[in-house]
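A.B. asks: Pasted the sequence and its predicted model underneath.
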Amino acid sequence: MWWAQPTLQENANVANSLDNLTHTSGEWLRGSGPESDIVISSRIRLARNLAEYPFPVRAEDSVRAEIELLLRDKLAGLPLPSPLMYLNVGTLEQLDRQFLVERQLISREHSESHGSRGVGISHEENISLMINEEDHLRIQVLRSGFSLDECWAEVDRIDDSIESQVTYAFSDRLGYLTSCPTNVGTGIRVSVMLHLPALVITKEIQKVFHALQKINLAVRGLYGEGSQAMGDFYQISNQATLGKSEQKIITSLKDVVPNIINYERRVRKALVKENRQNLHDQISRAYGILKNAQTISSEETMHLLSSVRMGINLGLIDDLAIPTVNELFIHTQPAHLQKLRKERLESAERNVARATYLRYRLSGGAAEQN
Amino acid sequence: MKKCSNCSKPATLHITELRNGSVQALHLCEACAQEYLTSSPLSDANGPEALAEKFGQAPEDDLLYEDLVCPNCGLSFREFRRQGRLGCPHDYVAFEDELLPLLENIHGERQHVGKFPKRAPDASKRQYELIRLRNELKVAVNDEEYEAAAKLRDQIQALKADAEM
């Protein structure tokens, strides 16, 4: 079967596509959306399954291959503003898969799973369509800043488009049927990614956690485990998917996020007012280390970039742009570094490569991005 | 209609056991009731006491789910509990009674509200009908009920032809 064995041409195309991605960054990183000093991105994801097949975890390899081919074919015909780049995740190398995870284009589950699976990605990286992840289809739309309504409009449209071509597993009582009961019903996951360094500094971030827990919203640190998220990035999303309409779930986030934004802004203001000298010093030192270090770890980079990012927002750094910082968070990740250098690197080598890359980008190498 | 405590067929016999001063109510289908009533009192493992204990256990007990299996994909409810993932859309029907309290726990709700597919709901209904008929066909063939099987095969063909229109 021709599709099971990627041809050399296909492989070359894939390599080219991924290489292209290496030198650009998703539109959602531009930092141009609403409230983008605090809100990095908004994301909505829908889980969908075909009615007449078992869920991926239960399907035999041959059945999974059948599902992948079917859905891949449907995706090719979608009326989208720009064509999708399709990647056969099952045949990608580990480094390339890791690269896609760092880009937030596929989930870690998708990368590390087995069997036929793929992903369709739009050129701007706003749209990601995963085939045979936990469900047959995961439709994801990402946008810069606080833009949940726009995300919903787009993901809703794509969902309708696909649904006109296939039969979704759906029951009147339980809604869209999913592999895991935690997703059944609307199958929707609405998330917003926030940068909350001030609330972390003053340790008031705990209050935010508790408040969100009370209204059944989940908080997760990005880039790390445990309560201190690396880089002070936090993702807030809904937990329940059954019994509330998509609009209602989106509204629950639209209602609470502005409060958190205001809280962070208030605390930032207070920090500047009461502690400007120390704050400015902390930020300047962070900037200095990033510009000069000869070797630097991922954790330290995240930590320092977080200070620098806040510094730009507060006007304490004026020769660096937000989109660049957003990009640096991604490009200093392990797989990105190795793809930029086009070679595999061990941990110590990566730390050197990271420092080199940072020095380059933060000096005149900021002769700007594409 | 209550389900048989031992398998998932409808329970047609209701037995009240009085033993050592305690009362146990058992609900069994004809086949399981026969087995229960005729099992030898001398055999320990399958003795009426052991069986009664097994049948009378609380619904949460794992043993009771041993035979709860989806006819479409073959996943057992016990397997689902272990791995946390379901096997096919039909599981939501096969395990309906067991899943509803779980869904209530997770989401606080049992009824979907919100978007639904725009294509005729007939399409979904047709898919379930197909799954159900295919299943009955399997059973009929197993039981060597070839006349019934032939009728089912015709129904399946008709539905598929319908779907293509």
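C.D. replies: Okay, I see it.
A.B. asks: Just give me the neighbour total for A:Gln294.
C.D. replies: 9 (other CB atoms under 10 Å in any protein chain shown). For the C-beta atoms, the positions are set from N, CA and C on the backbone; glycine is no exception.
A.B. asks: ditto for B:Glu145
C.D. replies: 14.
A.B. asks: ok now do it, which residues does it touch?
C.D. replies: Applying CB atoms under 8 Å, 6 or more residues apart in numbering or on different chains to B:Glu145 gives no contacts.
A.B. asks: any idea how far it is from A:Ser297?
C.D. replies: Distance check for B:Glu145 against A:Ser297: by CB to CB, to the nearest Å, it reads 69 Å.
A.B. asks: For the chain, name the helix or strand with the lowest mean pLDDT.
C.D. replies: Using chain A here. When the helices and strands of chain A are compared on mean pLDDT, DSSP states H and E, helix A:8-23 comes out lowest with a mean of 64.
A.B. asks: wrong chain, I was asking about chain B
C.D. replies: Per-SSE averages on chain B (mean pLDDT, DSSP H and E): minimum helix B:48-55, a mean of 43.
A.B. asks: Let me know the average pLDDT across whichever helix or strand comes after it.
C.D. replies: Of the helices and strands lying after helix B:48-55 in sequence (DSSP states H and E), the nearest is helix B:77-83. Summarised as a single mean, pLDDT over helix B:77-83 is 91.
A.B. asks: Just the CA atoms of helix B:77-83, as CSV, please.
C.D. replies: The C-alpha trace of helix B:77-83 is given here as CSV (Å, rounded to 0.1, in the frame of the first residue of the first chain):
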residue,chain,number,x,y,z
PHE,B,77,-16.3,-2.9,31.6
ARG,B,78,-13.6,-4.2,33.9
GLU,B,79,-10.9,-3.5,31.3
PHE,B,80,-12.4,0.0,30.9
ARG,B,81,-12.1,0.7,34.6
ARG,B,82,-8.5,-0.4,34.5
GLN,B,83,-7.4,1.6,31.5
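A.B. asks: Just the buried residues of it, please?
C.D. replies: B:Phe77, B:Arg78, B:Glu79, B:Phe80 (16 or more other CB atoms under 10 Å in any protein chain shown).
A.B. asks: ditto for stretch A:295-313
C.D. replies: Neighbour counts over stretch A:295-313 (16+ other CB under 10 Å) mark A:296-298, A:300-313 as buried.
A.B. asks: sorry, back to before: would you convert the buried residues of helix B:77-83 into TSV that also reports distance to A:His110?
C.D. replies: Conversion of those to TSV gives the following (distance: CB to CB, whole Å):
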residue	distance to A:His110
B:Phe77	27
B:Arg78	27
B:Glu79	23
B:Phe80	22
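A.B. asks: Nearest to A:Lys291 among those residues?
C.D. replies: Checking those against A:Lys291 by CB to CB gives B:Phe80 as the nearest, at 54.0 Å.
A.B. asks: Could you find the closest non-adjacent residue to that closest one?
C.D. replies: Spatially, and ignoring its direct neighbours in sequence, B:Phe80 is nearest to B:Leu86 (5.8 Å; CB to CB, 6 or more residues apart in numbering or on different chains).
A.B. asks: The one you found touches A:Pro56, doesn't it?
C.D. replies: No - counting by CB atoms under 8 Å, A:Pro56 is not a contact partner of B:Leu86; they are 11.0 Å apart.
A.B. asks: just the strands in the stretch 151-300 of chain A please.
C.D. replies: Per DSSP state E, counting those that start in this stretch, the stretch 151-300 of chain A carries strands over the ranges A:170-171, A:175-176, A:188-195, A:217-221, A:233-238.
A.B. asks: which residues are in contact with the first one?
C.D. replies: Right, the one you point to is strand A:170-171. Contacts of strand A:170-171 (CB under 8 Å, 6+ apart): A:Ala51, A:Tyr176, A:Leu177, B:Pro89, B:Tyr92, B:Val93, B:His112, B:Phe116, B:Pro117, B:Ser124.
A.B. asks: hey, where'd the helices end up in the chain?
C.D. replies: Reading this off chain A. A:8-23, A:61-76, A:94-102, A:108-112, A:148-163, A:197-201, A:205-214, A:246-292, A:298-313, A:322-331, A:334-341, A:347-362 (DSSP state H).
A.B. asks: ah, no, chain B please
C.D. replies: According to DSSP H, the helices that chain B contains are B:30-38, B:48-55, B:77-83, B:91-94, B:96-107, B:121-142, B:146-164.
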